[in-house]
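Q: Mind looking at a prediction? Sequence and model below.
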Amino acid sequence: MGKKILRVDMESGKLEYEEVSEEYRTLGGRGLTSKIISDEVPADCHPMGPNNKLVLAPGIVTGTSAPSSGRLSVGGKSPLTGGIKESNVGSRFAQTMAKLGLKAVVIQGKSDGYKMLKLDKDGGELLDASPWVGMGLYKAYEELYQKFGDKVDICSVGITAEMSGVNSGICFNDIDGLSSRYAGRGGLGAVMASRGLKFVVLDGKNAPGVEIKDKELFEKGRKKLAKAIQEHDVTKDGGALPSFGTAVLINIVNEAGGLPHRNFSSGKEDMAEMVSGEKKAEMIKQLGGERPHVCSPGCIIRCSEVWTKEGGKDPVGVLEYESVWALGPNCGIYDLEIIGELNRACNDLGLDTIEMGNTIAVAMEGGMLEFGDGEGALELMEEIRKGTYKGRMLIHGTEFVGKALGVHRVPTVKGQAMPAYDPRSIKGIGVTYATTTMGADHTAGYTIAPEILGTGGKIDPLEKDKVDISQALQRSTAVIDSSGYCLFTAFPVLDIPEGLEGMVETVAGVLGEDITVEDLDGIGKQILDIEREFNKRAGFTEKDDRLPEFMRTEELPPHDVVFDVEDGELDKVHEG
């Protein structure tokens, strides 16, 4: 059975399955979402207006036995950045969608009320979702599992998306059914809600599975990649990620002077150890949670976890490095239990933790509350839940709140808040933040691998000549985001050539195409060119590829450095 593209017209209620065109046949994940959005969405449209679309697309190897794959891309025009957006998530939902033979689901038009899209091997239908409007997602997921059985997979938007908050993400279930996996960035939750779509529910029973055109080549590549993952110090059993999760980076980045504290006012503080991955792993054991854990079936890295209250009660899900930092040190909060409750509130309300943590930090900068006031931060989350004026202001993100409160230290690019690496002391990630098509996004070109972890070679993070490495990693990341592999597979493939060969062979095996390692740079450039052309049509210029002024003028302790990569150098990133 060949794959299909499902087009859902929310206005008419019609569902139409389309054959995959030759133009789209070799695309998947980000490559496919960006191509469809570029082809079908007017770049100058209002992101919440009738002409925007939302596209869900599994990666090429998603749904197969490829190790640590299972990724899904969600694409649209972002209401946060005003440009093209791809947000990536790992979940069982992604695997089920691919196994159902869906190359992509395109959501278009707008319905009058909130609907639920229910899909299985025989087709789909739109159902009434009004009983769950205004309900927190943890409870909503419980009710949906009671209604449809605990084997279904769920994609949803929360209360904040219903309020058109541009800080709202799209939520997916973890393997235990918790509403804790997020395609969080760019406000795509608001786009989904603006279509009138509240849930997508997948029943994968008797799904036909993913066709692999060259099974021998696929299996050869799968073994190579699995071996590389299991040999690399970062990803192997007992390695950094399985042992301590992504928050293993707290101590590492803090020691390098690049962990932002109190709204990017310092790069290093001794209190960071209190919220480190090592401390969190210790507390998870004490509290009765679970570590390690997987975000989707077939993951052999297992960097996820389940954070709980005492006695294993009230599971939140994973506390990622970015979430711990954003809701913790960036707000001057060094209490993991408070951070866990802030993360729970974000999951329940449908918020991106990176944007929300930055928003709270800027609100603290603007005098709404004091840095370190964890209880006050929790009260702000309740303001959001209640839909007060203050709460509604907060769900529109960091830049909006900065303007409302007259704050000049607002860490955004293209309207999107920066993740957990200060670009003044880690300059390569600053180049990526400035020049990626996505707004400030560490995953778009993860120079932290060579700059901090020494993966793929060691580069001095304070050295400002980072254009080439950011360009190379932006292109390779676009390929990984299209393949369906987790970004963390980049660690072993950067250091172990056979692992990279294996990754390429699995993709070639699924597609039945002759693809080599030498083709990857060109494929990545093609994806970025599509995205940059959309942004250009939307009105972006090279002036949008810049970091905020304060990062060029305000020295960051402890290295007392500014971001000093020249504009002309930034403009070279997408040349060649």
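A: Perfect, I can see it now. Residues are numbered from 1 along each chain as shown.
Q: quick one: average pLDDT of stretch 523-540?
A: Averaging pLDDT along stretch 523-540 yields 98.
Q: Flag every buried residue along it.
A: 523-528, 530-532, 534-535, 538, 540 (16 or more other CB atoms under 10 Å). For every residue, glycine as well, the C-beta is placed using N, CA and C.
Q: can you give me how far that stretch is from the chain middle?
A: 19 Å (CA atoms, centre = their mean, to the nearest Å).
Q: Stretch 245-264 now?
A: In this view, stretch 245-264 has its centroid 19 Å away from the chain centroid, taken as CA atoms, centre = their mean.
Q: Could the C-alpha coordinates of it be exported in PDB?
A: Extracted in PDB, the C-alpha atoms of stretch 245-264 (Å, rounded to 0.1, in the frame of the first residue of the first chain):
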ATOM      1  CA  GLY A 245      18.600  13.100  30.400                       C
ATOM      2  CA  THR A 246      19.000  16.300  28.500                       C
ATOM      3  CA  ALA A 247      19.400  18.300  31.700                       C
ATOM      4  CA  VAL A 248      22.900  16.800  32.000                       C
ATOM      5  CA  LEU A 249      23.800  20.000  30.100                       C
ATOM      6  CA  ILE A 250      22.900  22.300  33.000                       C
ATOM      7  CA  ASN A 251      26.200  21.800  34.800                       C
ATOM      8  CA  ILE A 252      28.200  21.600  31.600                       C
ATOM      9  CA  VAL A 253      26.800  24.800  30.000                       C
ATOM     10  CA  ASN A 254      26.900  26.600  33.300                       C
ATOM     11  CA  GLU A 255      30.600  25.800  33.800                       C
ATOM     12  CA  ALA A 256      31.200  27.100  30.300                       C
ATOM     13  CA  GLY A 257      29.700  30.400  31.300                       C
ATOM     14  CA  GLY A 258      26.900  30.100  28.800                       C
ATOM     15  CA  LEU A 259      23.800  29.200  30.900                       C
ATOM     16  CA  PRO A 260      21.600  32.300  31.000                       C
ATOM     17  CA  HIS A 261      20.400  33.300  34.500                       C
ATOM     18  CA  ARG A 262      17.800  35.900  35.400                       C
ATOM     19  CA  ASN A 263      16.800  36.900  31.900                       C
ATOM     20  CA  PHE A 264      20.200  36.600  30.300                       C
END
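Q: can I assume I36 is in contact with A104?
A: Yes. Using CB atoms under 8 Å, I36 is in contact with A104, at 6.7 Å.
Q: higher neighbour count, those two?
A: Between I36 and A104, A104 has the larger neighbour count (other CB atoms under 10 Å), namely 26 against 20.
Q: In this structure the more buried one contacts L32, no?
A: Yes. If you go by CB under 8 Å, A104 and L32 touch, sitting 5.7 Å apart.
Q: Which neighbours do those two have in common?
A: 24, 55, 57 (CB atoms under 8 Å, 6 or more residues apart in numbering).
Q: Output these in JSON lines; the columns should cover neighbour count.
A: Output for the shared contacts of A104 and L32, formatted as JSON lines (neighbours: other CB atoms under 10 Å):
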{"residue": "Y24", "neighbour count": "20"}
{"residue": "V55", "neighbour count": "24"}
{"residue": "A57", "neighbour count": "33"}
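Q: how deep is T553 tucked in, by neighbour count?
A: Neighbour tally, T553, other CB under 10 Å: 9.
Q: For V413, state which of the shared contacts of A104 and L32 is nearest.
A: Distance to V413 across these (CB to CB) is lowest for V55, with 23.5 Å.
Q: what about the closest one, helix or strand, and which?
A: According to DSSP states H and E, V55 maps onto strand 54-58.
Q: burial measure for K213, as a count.
A: Neighbour count for K213, taken as other CB under 10 Å: 12.
Q: Going forward, count from 25.
A: In the new numbering, first residue 25, that becomes K237.
Q: now it, what's its secondary structure?
A: Secondary structure, DSSP: H, G, I helix; E, B strand; the rest coil: K237 is coil.
Q: for F288, same thing?
A: Once three-state DSSP is applied, F288 turns out coil.
Q: nearest spatial neighbour of it, skipping sequence neighbours?
A: Among residues not flanking F288 along the chain, P435 sits closest, at 5.0 Å (CB to CB, 6 or more residues apart in numbering).
Q: do the same with G336
A: In space, G336 is closest to G312, 3.2 Å off (CB to CB, 6+ apart).
Q: Verify the stated contact: the one you found with V330.
A: No. Checked against CB under 8 Å, the pair G312 and V330 is beyond contact range at 9.5 Å.
Q: okay, those two: which has more neighbours?
A: For G312 versus V330, neighbours defined as other CB under 10 Å are more numerous around V330 (22 against 14).
Q: now for the strand or helix carrying that one, which elements pack on it?
A: Counting by DSSP H and E, the element that carries V330 is strand 328-330. Packing partners of strand 328-330 (3 or more CB pairs under 8 Å, 6 or more residues apart in numbering; DSSP states H and E): helix 301-311, strand 314-317.
Q: The shortest one pairs with which strands, and in what direction?
A: The pairing partners recorded for strand 314-317 under DSSP bridges are strand 328-330 (antiparallel).
Q: Quick one: distance of the partner strand to the chain centre.
A: 16 Å.
Q: And for G87, the neighbour number?
A: Neighbourhood size, G87 [other CB under 10 Å]: 30.
Q: if I pick it, what's in contact with it?
A: Neighbouring residues of G87 by CB under 8 Å, 6+ apart: 94, 118-123, 233-234, 508.
Q: Show the buried residues in these.
A: Of the contacts of G87, these count as buried by 16+ other CB under 10 Å: 94, 118-123, 234, 508.
Q: Quick check: the gap between G160 and L226.
A: 22 Å (CB to CB, to the nearest Å).
Q: ok, these two, which is more surrounded?
A: L226 (28 against 18).
Q: Roughly how far does that one sit from S58?
A: From L226 to S58 the distance is 23 Å (CB to CB).
Q: So which of the buried residues of stretch 547-564 is the closest to F268?
A: G548 (30.2 Å).
Q: returning to that earlier point: residues in contact with the strand holding V79?
A: 52-54, 56-57, 60-61, 95-100, 118-119, 121-122, 126-131, 179, 212, 215-216, 219, 221, 224, 508.
Q: Just the buried residues of these.
A: Among those, those scoring as buried are 52-54, 56-57, 60-61, 95-100, 118-119, 121-122, 126-131, 179, 212, 215-216, 219, 221, 224, 508 (criterion: 16+ other CB under 10 Å).
Q: I183 and G160 touch, don't they?
A: Yes. With contact defined as CB under 8 Å, I183 reaches G160; the gap is 7.0 Å.
Q: where do the contact lists of the two overlap?
A: Both I183 and G160 are in contact with 373, 409, where contact means CB under 8 Å, 6+ apart.
Q: Name all residues that make contact with the spatially most distant residue from the centre of the chain.
A: Distance from the C-alpha centroid of the chain, by CA atoms, centre = their mean, peaks at E240 (32.3 Å). Listed by CB under 8 Å, 6+ apart, the contact set of E240 reads G533.
Q: if you set the cut-off to 10 Å instead, what comes out?
A: 529, 533 (CB atoms under 10 Å, 6 or more residues apart in numbering).
Q: pLDDT wise, what is it at?
A: E240 is assigned a predicted lDDT (pLDDT) of 98.
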